[in-house]
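K.L.:
okay, predicted coordinates and the sequence, questions at the end:
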Amino acid sequence: MKTVFSDTQLAHAPAQEISDGELKPAVEIPSRAEIVLKTVRDRNVGEIVAPEDFPIRPLHRVHSPDYVSFLEGFWEKWTAAGRSKEAFPFVWPIRSLRQDTTVNHIDGLLGRYSMDAGTPLGEHTYRAARASADTALTAAKMILNGEKAVFSLCRPPGHHAGFDFFGGYCFFNNAAVAAQYLRDYGLHRIAILDVDYHHGNGTQALFYDRPDVLFLSIHADPKEEYPYFLGYADETGEHAGTGFTRNWPLPLGTDWDGYTPALEEACRWLLVYKPDVMIVSLGMDCFENDPISKFAFKSEDYLRLGQRLKKVGVPTIFVMEGGYAVDALGTNCVNVLEGFEG
Ligand SMILES: NCCCNCCCCCC(O)(O)C(F)(F)F
Ligand SMILES: [Zn+2]
């Protein structure tokens with residue numbers, strides 16, 4: 001299986017995040033990608049290719065142009081305002097505040113285009129996020145050109161990012177950008193299976209009223225876990241998309257045995273939907289030693305996950321999302337790819 005990755009994705013190097021009421025060292029750090037890349041090489045997963053430089057248009061097919069421009073021009077505005085350290089939003093246009101104002105102040109803009117205070121914006125964030133989206137787009141193009149399975153080593157991740165907002169360490173929704181690209185290039189049905197520990201709120205919302213992209217997510221119950229406000233079992237799509245979203249929220253502490261019934265149900269939905277391509281939002285944060293997550297996968301379970309996904313039997317793009325136990329991240333990620341390849 002080929003891997004797509006570019007060193008430009010390492011340029012986004014957040015120092016801190018706000019978590020549990022204090023500033024802590026960031027967990028979505030470049031070494032996550034480096035260890036996965038090293039393990040891909042060490043275990044001979046396959047050729048590693050650089051992403052193509054796509055134009056902005058595939059991003060505009062998913063994200064609002066003003067949001068993309070905000071990210072592109074942010075650092076210049078931030079430093080022009082006399083700021084020099086990474087930026088954190090701290091005020092949002094929440095209920096009773098206006099959504100329609102044309103905001104110009106940098107702190108207002110940060111809130112206008114974000115969903116949480118835990119995702120710092122730095123000097124190279126835009127560049128790295130663009131490269132991460134190009135990595136997913138390149139994988140999609142490879143599938144269109146006949147590849148059966150491609151690993152898109154995305155970082156920064158994407159599944160929390162929505163039409164016009166960043167958050168949860170995500171800026172561009174890599175999986176959604178790839179799905180829309182496949183649709184624009186003639187495929188009819190795309191399934192996105194999100195196995196990250198956290199619900200992919202951004203991805204769900206982007207396709208919620210559409211039947212051409214099926215969104216399935218198995219994740220920690222949002223009653224107890226980020227993102228808290230989406231990912232409940234009663235969210236099944238709307239309008240033409242009714243029935244094309246399914247969520248399996250699971251209790252904290254879930255291990256592989258607790259996870260498999262949901263995975264089997266999701267695979268049955270895939271069997272019925274018969275997607276032209278399956279995009280797997282592959283977060284490895286269900287792992288028992290993940291520092292910010294509370295599921296209990298063992299490393300071997302990731303082999304089982306890959307084996308099960310292979311049985312779906314359709315061209316597949318693995319788009320990396322989360323996973324913060326850095327020492328085990330390479331093993332856990334490549335276990336999925338090796339399990340899939342058989
Ligand atoms: N006390 C810990 C608070 C952590 N709050 C933010 C969690 C973000 C999870 C990001 C992710 O793993 O879902 C992604 F795949 F997008 F990277
Ligand atoms: Zn996650």
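P.N.:
Perfect, I can see it now. Ligands and ions are numbered 1, 2, ... in the order given.

K.L.:
all contacts plus neighbour counts: C-alpha atoms, from now on.
P.N.:
Noted.

K.L.:
average pLDDT for stretch 50-66, rounded please.
P.N.:
Stretch 50-66 carries an average pLDDT of 98.

K.L.:
sorry, wrong one. I was asking about stretch 84-102.
P.N.:
95.

K.L.:
that one near ligand 1 at all?
P.N.:
No - on the criterion Cα under 6 Å from any ligand atom, stretch 84-102 is out of touch with ligand 1, staying 13.4 Å away.

K.L.:
alpha carbons of that stretch, as PDB, please.
P.N.:
What follows is stretch 84-102, C-alpha atoms only, in PDB (Å, rounded to 0.1, in the frame of the first residue of the first chain):
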ATOM      1  CA  SER A  84       4.000  37.000  18.500                       C
ATOM      2  CA  LYS A  85       3.000  33.700  20.200                       C
ATOM      3  CA  GLU A  86       0.500  31.100  18.900                       C
ATOM      4  CA  ALA A  87      -3.100  32.300  18.900                       C
ATOM      5  CA  PHE A  88      -6.000  31.000  21.000                       C
ATOM      6  CA  PRO A  89      -9.600  32.000  20.500                       C
ATOM      7  CA  PHE A  90     -11.400  33.000  23.700                       C
ATOM      8  CA  VAL A  91     -14.700  34.500  22.600                       C
ATOM      9  CA  TRP A  92     -17.300  33.000  20.200                       C
ATOM     10  CA  PRO A  93     -20.500  34.300  18.500                       C
ATOM     11  CA  ILE A  94     -22.600  32.000  20.800                       C
ATOM     12  CA  ARG A  95     -26.400  32.300  21.300                       C
ATOM     13  CA  SER A  96     -27.700  35.900  21.700                       C
ATOM     14  CA  LEU A  97     -24.600  37.300  19.900                       C
ATOM     15  CA  ARG A  98     -24.700  38.200  16.200                       C
ATOM     16  CA  GLN A  99     -23.500  35.800  13.500                       C
ATOM     17  CA  ASP A 100     -23.900  38.300  10.700                       C
ATOM     18  CA  THR A 101     -21.400  41.000  11.700                       C
ATOM     19  CA  THR A 102     -18.400  41.600   9.500                       C
END
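
K.L.:
which residues sit against it?
P.N.:
14-15, 78, 107-108, 110-112, 114-123 (Cα atoms under 8 Å, 6 or more residues apart in numbering).

K.L.:
would you confirm that R183 contacts R189?
P.N.:
Yes - judged on Cα atoms under 8 Å, R183 makes contact with R189 at a distance of 7.5 Å.

K.L.:
buried set for stretch 66-86?
P.N.:
For stretch 66-86, the buried set under the neighbour-count rule, 16 or more other Cα atoms under 10 Å, comprises 67-68, 70-72, 74-75, 78, 86.

K.L.:
likewise stretch 251-267?
P.N.:
So for stretch 251-267, counting by 16+ other Cα under 10 Å, buried means 251-252, 254-256, 259, 262-263, 266-267.

K.L.:
for this protein, longest strand please?
P.N.:
Criterion DSSP state E: the longest strand present in the chain is strand 213-220.

K.L.:
so H160 sits against Y197, correct?
P.N.:
No - in this structure, H160 is not within contact of Y197 by Cα under 8 Å, at 11.9 Å.

K.L.:
of the two, give the one with the bigger neighbour count.
P.N.:
Y197 (30 against 25; other Cα atoms under 10 Å).

K.L.:
phi and psi next, for that one.
P.N.:
phi -60, psi -30 (degrees, to the nearest 10).

K.L.:
could you do S6 as well?
P.N.:
Residue torsions, per degrees, to the nearest 10, at S6 are phi -140, psi 140.

K.L.:
mind checking how far the worst-scoring helix or strand of the chain on mean pLDDT is from the chain centre?
P.N.:
Ranked by mean pLDDT, DSSP states H and E, the weakest helix or strand in the chain is strand 16-19, scoring a mean of 91. Relative to its parent chain, strand 16-19 has a centroid offset of 19 Å by Cα atoms, centre = their mean, to the nearest Å.
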